[in-house]
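Chemist: here are the coordinates; sequence isn't available:
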């Protein structure tokens, strides 16, 4: 391949751009025309959509891992991220990092040079894991743009248990180490599609004199229905646009990720943006995978809120998910000249995407050595082109946002709550979704947890030793938020396992004849006995010191029978009922808090505490373990222990008590008072966190919680799987004719 051909192709890769040329009749419709009808699609744009979906459907039988491996190789920009990371010493250098750097170097997003000695204020919506922020930091430092930069970021809170761990970005390296700059809203979820969240974000950023730049990089997993990605994400795009128009200062810039622009909802937003900004550009960055529908809308020169003439307040009235059913403007309000321009824009990016998909399909079935050589040349040249044309420079680590990362469950991939790893094709995935829970068990979906019965203490050799740092109660604060309805995710366990368990609990009661108060067990698994716990207590204790036993009455009786001094703290609750709230139930959390308060007050120096536990998925329970970690010399757990404390699967065994400081007990008493106040009728809030996340995300504690939760998750999945297998075997025996004949 000739050098000039390589250069031409890579130049074209980085020149997928379109600018709307404004006409004089592009003005906002009368306020009376807003939100008066439902969406009415444009026929020409729907032809684009239908044609593109036919091309996408050609991929339906391709296994995802095979296809991703193939398109990663055919991606001309595929080497850029890794090479830029090394060349520029770039912090959190991802594809998003490179896309934003490309955009900020291509358009005048930031104030003029004359303003650089003043301040720069930016807001980043749907920003996880923080690549746009780190990319902007790198740009400012590497280009010697000296200013007082203030930034605020929003995203779905990766630590909020009600957020689905399989749709959130798992990487929290930047978030965990820059938490004061992240805004998660009054309910602590980080959901930007809440009007209350929008108003609170306004208040949170009110100290900024003006906002110069807003970015919005939001999306969610649409693999279940990729043909409708644009319409599914449209309410989020609407909320991102309204948020920007409410926060951005006059003359400011806006960068918004969108997908195909075929739907009426997208036409409305694009027309609105063209009426609110001096310039509107659309770019498909060269570092964005060429075969997907992603584009970025770059808006320059915001005309300000006054230009919206009351429309903005009407838009906030329609803020949220319900906007999917309403049309911002009717078809007749969109000028024909704008539609012609918009159709031209759609045609440009439609052709880019379909050409890429068709080429990838061709190469998937037949790629020879010549094609591989050509692609490698293109990929190498793309790196050189990117670094040169977008002025990539190196910065020292001391100029990173996070100089020395200390926290974050993503620092070690072992306990990151990752997305589900999918290898099946789209067609296979749709077939799997149609299976019932019982059919999934029969088809081996739960086989990893069915193979081996438990014949030992699953917590053996897992210990947490007293750290040498003190409890910093002066830095603690209580975080409240919307009451949890279920636990979807946790920074302290694998979200894939949690999703499987939740699905099992949801389905199991409708399949297995069990009352909601019956907690199942596997008869072929061995349980940790009172004697075994007693031996573990004595082994961990330096002597037969005083023991406190919470909840596990049979263990208390056994210790008494052995003449071992101990006290018992009873529980007013029965934990046998199963729930997708797990340890997130406020009633259960109150019992835990009662136990730890009484335990800290009654345990003598050098004594031990035994605490039954459902799980430690929530920040609340993790905080309980954190305090125990700082008050006892050694902590371990035993599992399974259903026979000792009904409904729970593990006992925490804490030995070597060191008297906790008075401020800790005082703080827990205040916490108890607050949890009591939040238990009244009509209360919709609950305490979600009372120890800062950066303390909970440190290595030894995080590793312990991960191990504890993994053991509990896998054991419960094993128990339910065995019950279903047993039920299936009984059904087979019942179906066999008694006379031995054929049915």
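Modeler: That came through, no problem. Computed from a prediction, not measured in an experiment: that's the story for all the values here. Numbers count the residues shown, from 1 in each chain.
Chemist: mind listing the helices for the stretch 201-350 of the chain?
Modeler: In the stretch 201-350 of the chain, the helices defined using DSSP state H, counting those that start in this stretch lie at 229-247, 264-276, 311-317, 336-365.
Chemist: can you put these in TSV and add distance to residue 495 and mean neighbour count?
Modeler: The way it works is simple: take the backbone N, C-alpha and C, and place the C-beta from them, glycine included. Listed next are the helices of the stretch 201-350 of the chain as TSV, based on distance: least, CB to CB, whole Å; neighbours: other CB atoms under 10 Å:
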stretch	distance to residue 495	mean neighbour count
helix 229-247	21	22
helix 264-276	30	22
helix 311-317	33	16
helix 336-365	31	16
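Chemist: TSV for these, including distance to residue 198 and mean pLDDT?
Modeler: Converted to TSV, the helices of the stretch 201-350 of the chain look like this (distance: least, CB to CB, whole Å; pLDDT from 0 to 100):
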stretch	distance to residue 198	mean pLDDT
helix 229-247	6	93
helix 264-276	17	96
helix 311-317	7	92
helix 336-365	27	95
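Chemist: got the ones you listed as CSV, with distance to residue 586 columns?
Modeler: CSV is the format used below for those (distance: least, CB to CB, whole Å):
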stretch, distance to residue 586
helix 229-247, 30
helix 264-276, 39
helix 311-317, 32
helix 336-365, 49
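Chemist: out of these, nearest to residue 462?
Modeler: For residue 462, the closest of those is helix 229-247, at 41.1 Å, according to CB to CB.
Chemist: for residue 584, find the nearest of the helices of the stretch 201-350 of the chain.
Modeler: Nearest of the helices of the stretch 201-350 of the chain (CB to CB): helix 229-247, 25.9 Å.
Chemist: wait, residue 225 touches residue 232, no?
Modeler: Yes - using CB atoms under 8 Å, residue 225 makes contact with residue 232 at a distance of 6.6 Å.
Chemist: about what we covered before: closest one to residue 561 among the helices of the stretch 201-350 of the chain?
Modeler: Closest to residue 561 of the helices of the stretch 201-350 of the chain is helix 229-247 (CB to CB; 61.4 Å).
Chemist: chain center to the helix or strand encompassing residue 674: distance?
Modeler: In the assignment (DSSP states H and E), residue 674 maps to helix 662-677. Taking CA atoms, centre = their mean, to the nearest Å, one finds the center of helix 662-677 at 30 Å from the center of the full chain.
Chemist: same thing with stretch 695-706?
Modeler: With CA atoms, centre = their mean, you get 19 Å for stretch 695-706.
Chemist: tell me which residue is most central in the protein.
Modeler: residue 168 (2.0 Å; CA atoms, centre = their mean).
Chemist: and whichever strand or helix holds residue 196 with helix 229-247, angle?
Modeler: For residue 196, the host element (DSSP H and E) is helix 195-204. Helix 195-204 runs at 40 degrees relative to helix 229-247, counting by axes from the mean of the first three to the mean of the last three CA atoms, to 10 degrees.
Chemist: buried residues in helix 195-204, which are they?
Modeler: If you call a residue buried by 16 or more other CB atoms under 10 Å, then helix 195-204 has these buried ones: 197, 198, 200, 201.
Chemist: farthest-separated two in those?
Modeler: Spatial extent of the buried residues of helix 195-204 (CB to CB) is set by the pair 198 and 200 at 7.4 Å.
Chemist: was I right about the residue nearest to the centre of the chain contacting residue 128?
Modeler: Yes - between residue 168 and residue 128 there is a contact at 6.8 Å, judged by CB under 8 Å.
Chemist: count the residues that sit near residue 226.
Modeler: For residue 226, the count of nearby residues is 17 (other CB atoms under 10 Å).
Chemist: skipping its backbone neighbours, what lies nearest residue 666 in space?
Modeler: residue 473 (8.0 Å; CB to CB, 6 or more residues apart in numbering).
Chemist: in contact with that neighbour, which residues?
Modeler: Residues in contact with residue 473, defined by CB atoms under 8 Å, 6 or more residues apart in numbering, are 661, 663, 664, 666, 667.
Chemist: strands of the stretch 351-500 of the chain, start to end?
Modeler: Per DSSP state E, counting those that start in this stretch, the stretch 351-500 of the chain carries strands over the ranges 463-465, 479-482.
Chemist: mind putting these into TSV with mean neighbour count, mean pLDDT and distance to residue 133?
Modeler: Conversion of the strands of the stretch 351-500 of the chain to TSV gives the following (neighbours: other CB atoms under 10 Å; pLDDT from 0 to 100; distance: least, CB to CB, whole Å):
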stretch	mean neighbour count	mean pLDDT	distance to residue 133
strand 463-465	17	91	34
strand 479-482	18	92	22
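Chemist: which of the ones you listed sits closest to residue 655?
Modeler: strand 463-465 (10.2 Å).
Chemist: show residues contacting that closest one.
Modeler: Outside strand 463-465, the residues within contact range by CB under 8 Å, 6+ apart are 629, 633, 634, 635, 636, 700, 701, 704.
Chemist: how about the nearest residue to the second one, chain neighbours excluded?
Modeler: Meaning residue 633. Spatially, and ignoring its direct neighbours in sequence, residue 633 is nearest to residue 656 (2.9 Å; CB to CB, 6+ apart).
Chemist: which other helices and strands contact the helix or strand where that neighbour lies?
Modeler: In this assignment (DSSP H and E), residue 656 forms part of strand 650-657. Secondary-structure packing of strand 650-657 (3 or more CB pairs under 8 Å, 6 or more residues apart in numbering; DSSP states H and E): helix 530-540, strand 608-613, helix 619-631, strand 632-638, helix 699-735.
Chemist: again, 7 Å this time
Modeler: If you count contacts as 3 or more CB pairs under 7 Å, 6 or more residues apart in numbering; DSSP states H and E, strand 650-657 packs onto helix 530-540, strand 608-613, helix 619-631, strand 632-638.
Chemist: before we move on, back to that, let me see the mean pLDDT of the helix holding residue 674.
Modeler: Helix 662-677 carries an average pLDDT of 92.
Chemist: same for that helix, what does it pack against?
Modeler: Judged by 3+ CB pairs under 7 Å, 6+ apart, helix 662-677 is in contact with helix 586-602, strand 685-689.
Chemist: let's go with 8 Å and repeat that
Modeler: Helices and strands touching helix 662-677, by 3+ CB pairs under 8 Å, 6+ apart, are helix 586-602, helix 619-631, strand 685-689.
Chemist: who are the packing partners of the last one?
Modeler: Right, strand 685-689. strand 479-482, helix 586-602, helix 619-631, helix 662-677.
Chemist: and the helices in the stretch 51-200 of the chain?
Modeler: Here the stretch 51-200 of the chain has its helices, by DSSP H, counting those that start in this stretch, at 64-74, 80-88, 95-106, 131-142, 173-177, 195-204.
Chemist: swap in the stretch 401-550 of the chain?
Modeler: Ranges of helices in the stretch 401-550 of the chain, per DSSP H, counting those that start in this stretch, are 426-433, 437-442, 447-450, 495-511, 530-540.
Chemist: quick check: buried residues in the longest one?
Modeler: By 16+ other CB under 10 Å, the buried positions in helix 495-511 come out as 495-502, 504-505, 507-508, 511.
Chemist: circling back: common neighbours of residue 168 and residue 128, please.
Modeler: What both residue 168 and residue 128 touch, as defined by CB under 8 Å, 6+ apart, is the set 155, 156, 158.
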